[in-house]
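J.: this one's structure only:
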């Protein structure tokens, strides 16, 4: 089993009001088969044994589908590997002796709770504003009653792959959440079940994202590169289209 | 809140202003470059072109007023977006890195924008809001570009314009919702080609005029 030694410059912050600082820690004997989070687990074990406060970080499924984990590694959200969440990033992508700067996702809309843990409920607020469809309760309708072209279903599915991790916001030089909003607007708006609310949805979600303090998209496309689900900026264009249509042609105000 | 403010005051609404005014400036640049190529034909052709433009009278004044209005909207909205985007990340990263998405153009839009504004004011003072006398505008242009300093300044300014347009052109289409598998690659590449052609075309003129003079 190959092992590597690393130097971690890791962000420590006791509370949202604390100023925070970088702390330098040594991570020794790290197996290259470990995930990044497992590496942090090992460091935390040692910190605990030493009677020091372990590093706080968010995580849940550890299989890249829940959107809970995430930190900025040497300036890259979820680290340097493309299309990968932090929990799926393996230590084999780092070399012995590397120094890693580990910071929380930073945006006005994302408050640091502690260390690497950030409050991303601003994204939930955007979902509450319009990320839903209306469906009648009762027996499920016949599955083939509403035909959907396979290509359209695929596009909707690609957008629905968004796990709401917030890496797009973290990567954006403007801390804009437009890739997230675009993915949600596309995922629901591409399917016939989502059409009745389409105009109201795009207006409400875009306005709520503004209210939450996210920045404005300037099409820098860093989001698309850093997205662990590789959501395309075509979804942002689709949202822009939907927005223009809702603004000019719909009865929604 | 009226629906107009609630729609065009949003992140996308403001971007629509940037997009539409920006595309209009792209059109203007094409027209301006096409007109200015008459510099290559010498003093008579260029002075005749200038006289013809002036003879448009009210129509020219309306177009100028439109350009000024668009400039105010583009610069005003741009500065406001820049301010808001700075506000959106009050605590910056200690380590900054790019995943490869940003380009020279996209990373520097506000800065190249301000530089272009400064150049534009200088350019207007130099060639537009000035007494052309009896010699005509060609003599004015030729006198300026006989000095290598002005030639260098204009070449630099055109490079900045090129960098700005290389991102602005495709970005305007993206903001208007025009993004399609079939032509997106072409649009992004075309944006760079368009910017290079514009910048090189404009930059060539002072070199040529200076060399002739």
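T.: It's in. Everything numeric here is computed off the predicted structure, so don't read it as measured data.

J.: Every contact and neighbour count from this point should use C-alpha atoms.
T.: OK.

J.: Enumerate the residues of chain B near chain A.
T.: For chain B, the contact set with chain A under CA under 8 Å from any CA of the partner chain comprises B:2-3, B:6-7, B:10-12, B:15, B:81, B:84-103, B:106-107, B:171, B:174-180.

J.: Run through the helices of the chain in chain order.
T.: In the absence of a named chain, this looks at chain A. Along chain A, the stretches classed as helices by DSSP state H are A:36-49, A:121-130, A:150-160, A:167-171, A:178-189, A:198-211, A:222-226, A:234-249.

J.: Chain B was what I was after
T.: Under DSSP H, chain B gives helices at B:3-8, B:11-36, B:43-55, B:58-87, B:104-127, B:137-145, B:148-175, B:184-212.

J.: buried stuff in the first one?
T.: Right, helix B:3-8. B:7, B:8 (16 or more other CA atoms under 10 Å in any protein chain shown).

J.: List buried residues within the residues of chain B next to chain A.
T.: By 16+ other CA under 10 Å, the residues of chain B next to chain A give B:7, B:10-12, B:15, B:81, B:84-89, B:93, B:98-99, B:101-102, B:106-107, B:171, B:174-179 as buried.

J.: Show me the shaky parts of chain B.
T.: For chain B, the stretches with pLDDT under 70 are B:1, B:213.

J.: likewise chain A?
T.: In chain A (pLDDT under 70), no residue qualifies.

J.: burial measure for residue 139, as a count.
T.: If you meant another chain, say so; for now it's chain A. Per other CA atoms under 10 Å in any protein chain shown, the neighbour tally for residue A:139 reads 6.

J.: you looked at the wrong chain, it should be chain B
T.: Residue B:139, neighbours per other CA under 10 Å, totals 16.

J.: what's it in contact with, if anything?
T.: Neighbour list for residue B:139: residue B:43 [criterion: CA atoms under 8 Å, 6 or more residues apart in numbering or on different chains].

J.: Tell me the spacing between it and residue B:201.
T.: 21 Å (CA to CA, to the nearest Å).

J.: Check residue A:130 too.
T.: 48 Å.

J.: So which of these two has more stuff around it?
T.: The neighbour comparison of residue A:130 against residue B:201 (other CA under 10 Å) goes to residue A:130, with 23 against 17.

J.: Could you tell me how far that one is located from chain B?
T.: 16 Å (CA to the nearest CA, to the nearest Å).

J.: so how many other residues sit close to the closest residue to that residue other than its chain neighbours?
T.: Nearest residue to residue A:130, sequence neighbours excluded (CA to CA, 6 or more residues apart in numbering or on different chains): residue A:201, at 4.5 Å. Residues lying near residue A:201 (other CA under 10 Å) number 29.

J.: which residues touch residue A:201?
T.: A:129, A:130, A:131, A:185.

J.: Looking at these, which is nearest chain B?
T.: residue A:185 (13.2 Å; CA to the nearest CA).
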